[in-house]
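1. Provided below for reference: sequence and predicted model.
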Amino acid sequence: MKIAISTGGGDAPGLNAVIRAAVVAALQRGWEPWGIREGFDGLLFPERFHGEGLVPLTRERVRGITHLGGTIIGTTNRGNPMKYPTKKADGTVVELDRTGEVVRGLRAHGFDALISIGGDGSLTIANHLAKQGVRVIGVPKTIDNDLEGTVITFGFDTAVSFATECVDRLHSTAAAHRRVMVVEVMGRYAGWIALNTGISSTVDAILMPEIPYDLKKVADKILEREKAGHTFSIVVVAEGAKPMGGDLTVLSKEAGRAERLGGVGEKVGAELQELTGKETRVVVLGHLLRGGTPTTFDRLIALRFGAAAIRALADGRSGIMVALDPPNVRYVPLEEATKRMKSVPLDCDSMKTARDLGICFGD
C-alpha cells in the first residue's frame, strides 16, 4: 500500500511523533509512506518546493524526531482547498473548491490512502475528501483540545504545561511589584487552555469564550484581595474571550484561512488598571505554546495515534478519526468528530473545582 501523510493547520508538539509512528508501522507492513509538504500545497503546487512537494518517508528520515517540535513535512493554515482564495481578472478574490484537484493528484501519484493529521479545519477537509472516495484516516491534533470524539488531543498537554510554568514565574514578579498580571493564552473559541492553566497555577480570575465577562466583577475580586492583604493578582485570558454584549478581538481575517484572534489581553489589562488603580502588565504567550519539546504524555498519545492510524488502514477502515478513549484508542467517524466544536462544559468537574477555589470568571 502506498500512503500519503499530511500535517495541516497550526503546528503542535507531537506532530513528528505521529509521523514517526505511522511511518515505522507502515514500513513494518511493507507499505510505502510519503509526506505531502505543507498541508496539501506539495500536491497542488510542487513547483514551490522545487519539484519535491512529495517526500519519501524512510526510516532514516524519521529517525530521532519523536522529541522534536514542529513537523518535518511542514504545515500551513492558509489555502484551505475547500475554500481556496483565487484572484479573478478584475482583481477580486473568490474562494474556490479545489479538493477535486487534491483527489486527482492523490490518484495520479498512486496513493491508496491518506493520513490527515490536524485539527477541526484539517479534519473537515479530510471528511470532505473521504466523501469523494479517498481512503482517509484522521489524527486529532490541536493545542486547543476542541475536537469532539476524543478525550484529549495531542499538543494540549504540552501547551498547558508550558503556560502553567510561565504563570508560576509571574507570581514572584507580580508580588514583588504589587501588580496585576494579565496573561493571554491561545485556544481560539474554546477555553480549555485558559481553564487548565488557571487552575493549575492558582490564578485569581479566568476569562474564557464560554462565559462572557463583566470586568467590573474581576476588578471587585482584585480589590477584595487587596483589602485582605494580597497585593497582587493574576488573570488568565483566553484569546477568544469576549465581554458581555461584546465581540471577539480579531487581529485579521483573510480569504482561505481562519480569522486571527488576539489583543484581548491588552484590552483587559488597560481596563482593569483603570477600574482598580493598580499597575497592570500584560503577557501574551502566543506561539510559545506551540513550540518546543512535547511532554511525555503528548509523545505517548501521538505515537499511539500514529500506529493506530496504520492499524485502521490495515483493518480496511476509512473516513474515521483515531481517538483517545482511556485506556484505549478507538475509531470515531470523521463526520461525528467535525460536526461541532468541543467547548468547556460549564458544569464539568474542572469548572466546579475552579469555583470552589474562589477563581473568578467575570460572571
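-> Cool, got the structure.
2. Next, count neighbours for Val103.
-> Around Val103 there are 18 other residues, counting by other CB atoms under 10 Å. No exception for glycine: its C-beta is placed from N, CA and C like everyone else's.
3. meant to ask about Ser201, not that
-> 20.
4. which residues touch it?
-> Ser201 makes contacts with Ala163, Thr164, Val167, Asp168, His171, Ile234, Val236, as judged by CB atoms under 8 Å, 6 or more residues apart in numbering.
5. How about Ala190?
-> Shown in contact with Ala190 (CB under 8 Å, 6+ apart): Asp144, Asn145, Asp146, Met208, Pro209, Glu210, Ala238, Gly240, Met341, Lys342, Ser343, Val344.
6. Which among the residues you listed count as buried?
-> Buried members of the contacts of Ala190, scored by 16 or more other CB atoms under 10 Å, are Asp144, Asn145, Asp146, Met208, Pro209, Glu210, Ala238, Gly240, Lys342, Ser343, Val344.
7. Is Ile206 in contact with Lys221, as I believe?
-> No - judged on CB atoms under 8 Å, Ile206 makes no contact with Lys221 at a distance of 11.0 Å.
8. Between those two, point out the one with more neighbours.
-> Between Ile206 and Lys221, counted using other CB under 10 Å, the more crowded position is Ile206 (28 against 20).
9. element containing Gly35?
-> For Gly35, the enclosing helix or strand under DSSP states H and E is strand 32-36.
10. what's across from Ala238 in the sheet?
-> Beta bridges link Ala238 to Val185, judged by DSSP bridges.
11. Tell me the pLDDT of it.
-> pLDDT recorded at Ala238 is 97.
12. repeat for Val94
-> 84.
13. Likewise for Arg78?
-> For Arg78, pLDDT reads 81.
14. so it, which of the three states?
-> Counting by DSSP: H, G, I helix; E, B strand; the rest coil, the backbone at Arg78 sits in coil.
15. ok, it to Pro85 distance?
-> 8 Å (CB to CB, to the nearest Å).
16. now the helices for the protein?
-> In the chain, the helices defined using DSSP state H lie at 15-28, 41-44, 59-62, 99-108, 120-131, 156-177, 192-200, 215-227, 264-276, 296-314, 334-337, 349-356.
17. Next, format the ones you listed as a markdown table and append distance to Thr7 and mean pLDDT.
-> Formatted as a markdown table, the helices of the chain follow (distance: least, CB to CB, whole Å; pLDDT from 0 to 100):
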| stretch | distance to Thr7 | mean pLDDT |
| --- | --- | --- |
| helix 15-28 | 5 | 98 |
| helix 41-44 | 11 | 94 |
| helix 59-62 | 13 | 97 |
| helix 99-108 | 15 | 95 |
| helix 120-131 | 8 | 95 |
| helix 156-177 | 16 | 96 |
| helix 192-200 | 20 | 98 |
| helix 215-227 | 38 | 96 |
| helix 264-276 | 28 | 96 |
| helix 296-314 | 11 | 98 |
| helix 334-337 | 17 | 95 |
| helix 349-356 | 29 | 97 |
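18. Make TSV from the ones you listed and add distance to Gly286 to it.
-> Listed next are the helices of the chain as TSV, based on distance: least, CB to CB, whole Å:
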stretch	distance to Gly286
helix 15-28	18
helix 41-44	24
helix 59-62	29
helix 99-108	31
helix 120-131	19
helix 156-177	11
helix 192-200	12
helix 215-227	22
helix 264-276	10
helix 296-314	19
helix 334-337	27
helix 349-356	24
